[in-house]
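Engineer: what's the 3D shape of this:
(4 chains)
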2 protein chains.
Amino acid sequence: MVKKKKQQTLSTEDKILAAARKVFTTKGKAAARMQDIADEAGINKALLHYYFRDKNKLFDTIFLAEAKKFFPRINMIFELEAPLFEKIEKFVAEYVDEMRINPYLPLFVLNEINHDPKRFLQKIWGKGTMPKPEKFLQQLDSEIKKGTIRKIQPMQLLMNMISLTIFPFVAEPMFTYVLRMPDKKFDELMEQRKVEIPQFIIASIKK
Amino acid sequence: MVKKKKQQTLSTEDKILAAARKVFTTKGKAAARMQDIADEAGINKALLHYYFRDKNKLFDTIFLAEAKKFFPRINMIFELEAPLFEKIEKFVAEYVDEMRINPYLPLFVLNEINHDPKRFLQKIWGKGTMPKPEKFLQQLDSEIKKGTIRKIQPMQLLMNMISLTIFPFVAEPMFTYVLRMPDKKFDELMEQRKVEIPQFIIASIKK
DNA sequence: GTCTATAATTTGATAGAC
DNA sequence: GTCTATCAAATTATAGAC
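Structural biologist: The predicted structure is shown next:
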């Protein structure tokens, strides 16, 4: 018995959070209006300030929650104990699943980090969750020495893996336009990529 | 004799454009302040409005110029008449060079498109420059049939190529932080990618 | 063309009734 | 907790002198 709510109706706080999430992630922090959020939540501005003192506090709450969906999965591949190819498959599948649900996620997070890196580093990201890529990079080194995969700079391979997985979601509007692709077709392609990306990587590095 | 300017000092209009470009691309449209731009240009706000009627007009001027640096190169690979592997190398090298000079470029463009796709499609992108990927996709099909490269969905390969090339620049702040990488090291890695990416792709698809 | 001063508008935030 | 009304601050835009 985890959830106590018996009603389907959300609490005011939850309505605000859902509305704020929608407005902030689609418009960005600077362009988001407190009035937009109030309208979206079906309440008035004063109530926003009652629950969350000001716009910055509300934004931080949302951003932190979204960043937690985005980053821990990168961490995961660094921590996970598994054979290399299995790790790659798992990483790609998890990320694609997350982003098919929340396609706005990477662009929102990357953009806000870019606009205010210091705030992000100091206030948002606690030192406890600092990712440690060393283990994964060492695993790559070790596989190269064993001769399982061809010689390649581990850092480059890591970048390739992350780029292949995340970028299409960052560039969705561009892709659907440049390639004249309906949203449904795009979503199908993303689903296929859970297989396509690991295949592409492994075909490139396996000896 | 292309450039007529004999003085090193820029015209007021050029100073404004340079300042606006810097402020818009680093802060984004919504967070950019006319005062910031005036300060950066070393003039006052009134003069901004004298040269460009309002913020929207100024922004459109900047965005259009930046988008033109970003998109035509995608178009290039669609139009170019060359063997496949050569095309890939050329595409990657051109893009990486452009983005090493303007690392902010892809995130700025993709973000503003995302925040207002209709404005972008209707006002900014003329139908004349509409990219036509068909030729490139057909070339891939043809190479697969010839047996030069393994079976792969052309659309997926195209996405892979673009993702590998552009994403690191979108995610620079994340990479330099997560991988604890000084800016100089990042720039070195990007230079290497001009070779690394074509190698990575070709190793994956060549038969 | 360029400036100072100021108007007009937008927007975040608060006071106070219910 | 929730609302209406209002204030205060920030920001775009203009008027008018030089």
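
Engineer: I'd like to know which elements the helix or strand of chain A with the lowest mean pLDDT is packed against.
Structural biologist: Least confident element among the helices and strands of chain A, by mean pLDDT, DSSP states H and E: helix A:72-79 (a mean of 80). Counting by 3 or more C-beta pairs under 8 Å, 6 or more residues apart in numbering or on different chains; DSSP states H and E, the packing neighbours recorded for helix A:72-79 are helix A:84-101, helix A:134-146. For the C-beta atoms, the positions are set from N, CA and C on the backbone; glycine is no exception.

Engineer: List the contacts of it.
Structural biologist: Under the criterion C-beta atoms under 8 Å, 6 or more residues apart in numbering or on different chains, residues A:87, A:90-91, A:94-95, A:98, A:129, A:131-136, A:162, B:178 lie in contact with helix A:72-79.

Engineer: just the buried members of the residues you listed?
Structural biologist: With burial judged by 16 or more other C-beta atoms under 10 Å in any protein chain shown, the buried subset of the contacts of helix A:72-79 is A:K87, A:K90, A:F91, A:E94, A:Y95, A:E98, A:P131, A:P133, A:F136, A:I162, B:V178.

Engineer: re earlier: distance from the least confident helix or strand of chain A to the middle of the chain?
Structural biologist: 12 Å (C-alpha atoms, centre = their mean, to the nearest Å).

Engineer: And stretch A:106-124, by the same measure?
Structural biologist: Using C-alpha atoms, centre = their mean, the offset of stretch A:106-124 from its chain centre is 13 Å.

Engineer: contacting residues for A:H49?
Structural biologist: So A:H49 contacts nothing (C-beta under 8 Å, 6+ apart).

Engineer: how about the residue positioned nearest the centre of chain A, what does it touch?
Structural biologist: Nearest to the mean C-alpha position of chain A, by C-alpha atoms, centre = their mean, lies A:F70 at 3.0 Å. Each residue near A:F70 by C-beta under 8 Å, 6+ apart is listed here: A:E98, A:L105, A:P106, A:V109.

Engineer: cool, A:F108 as well?
Structural biologist: A:F24, A:T25, A:G28, A:E66.

Engineer: Could you say which helix or strand holds it?
Structural biologist: Element membership of A:F108, judged by DSSP states H and E, is helix A:105-115.

Engineer: does that helix come close to DNA strand D?
Structural biologist: No: shown here: helix A:105-115 not in contact with DNA strand D (C-beta under 7 Å from any atom of the strand), separated by at least 13.6 Å.

Engineer: following that helix, which helix or strand comes up?
Structural biologist: Heading C-terminal from helix A:105-115 (DSSP H and E), you reach helix A:117-119.

Engineer: Run the contact check for that next one versus chain B.
Structural biologist: Yes: counting by C-beta under 8 Å from any C-beta of the partner chain, chain B is contacted by helix A:117-119 at A:P117.

Engineer: re the thing from before, save the contacts of A:F108 as CSV, and put in neighbour count and secondary structure too.
Structural biologist: Output for these, formatted as CSV (neighbours: other C-beta atoms under 10 Å in any protein chain shown; DSSP: H, G, I helix; E, B strand; the rest coil):
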residue, neighbour count, secondary structure
A:F24, 24, helix
A:T25, 21, helix
A:G28, 22, coil
A:E66, 20, helix
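
Engineer: Need these in TSV (columns: pLDDT).
Structural biologist: Output for the contacts of A:F108, formatted as TSV (pLDDT from 0 to 100):
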residue	pLDDT
A:F24	98
A:T25	98
A:G28	98
A:E66	94
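
Engineer: Give me the domain ranges for chain A.
Structural biologist: A:12-64, A:71-205 (automatic domain parsing).

Engineer: what's the least confident stretch among these?
Structural biologist: Lowest mean pLDDT within the domains of chain A: domain A:71-205, a mean of 92.

Engineer: Centre of the chain to that one, how far?
Structural biologist: 9 Å.

Engineer: Straight-line length of that domain, end to end?
Structural biologist: Counting by C-alpha to C-alpha, to the nearest Å, you get 26 Å between the two ends of domain A:71-205.

Engineer: Now the longest helix along chain A: buried residues?
Structural biologist: Counting by DSSP state H, the longest helix found in chain A is helix A:183-205. Buried residues in helix A:183-205, counting neighbours by 16+ other C-beta under 10 Å, are found at A:186, A:189-190, A:193-194, A:196-201, A:204-205.

Engineer: neighbouring contacts of that helix?
Structural biologist: By C-beta under 8 Å, 6+ apart, helix A:183-205 touches A:85, A:88-89, A:92-93, A:96-97, A:99-100, A:149-150, A:152, A:157, A:160-161, A:164-165, A:168-169, A:172, A:175-176, A:181, B:150, B:152-153, B:155-156, B:159-160, B:200-201, B:203-205.

Engineer: do that again at 6 Å, thanks
Structural biologist: Helix A:183-205 has contacts (C-beta atoms under 6 Å, 6 or more residues apart in numbering or on different chains) with A:85, A:88-89, A:92-93, A:96, A:100, A:149-150, A:164, A:176, B:156, B:160, B:200, B:203-204.

Engineer: Let me know the closest of those residues to A:A18.
Structural biologist: A:R100 (19.2 Å; C-beta to C-beta).

Engineer: Not counting residues beside it along the chain, what's closest to the closest one?
Structural biologist: Of all residues not flanking A:R100 in the chain, A:M190 sits nearest, at 5.7 Å (C-beta to C-beta, 6 or more residues apart in numbering or on different chains).

Engineer: Which pair in the contacts of helix A:72-79 has the greatest spatial separation?
Structural biologist: Largest pairwise distance in those, by C-beta to C-beta, is 24.4 Å, between A:E98 and A:E134.
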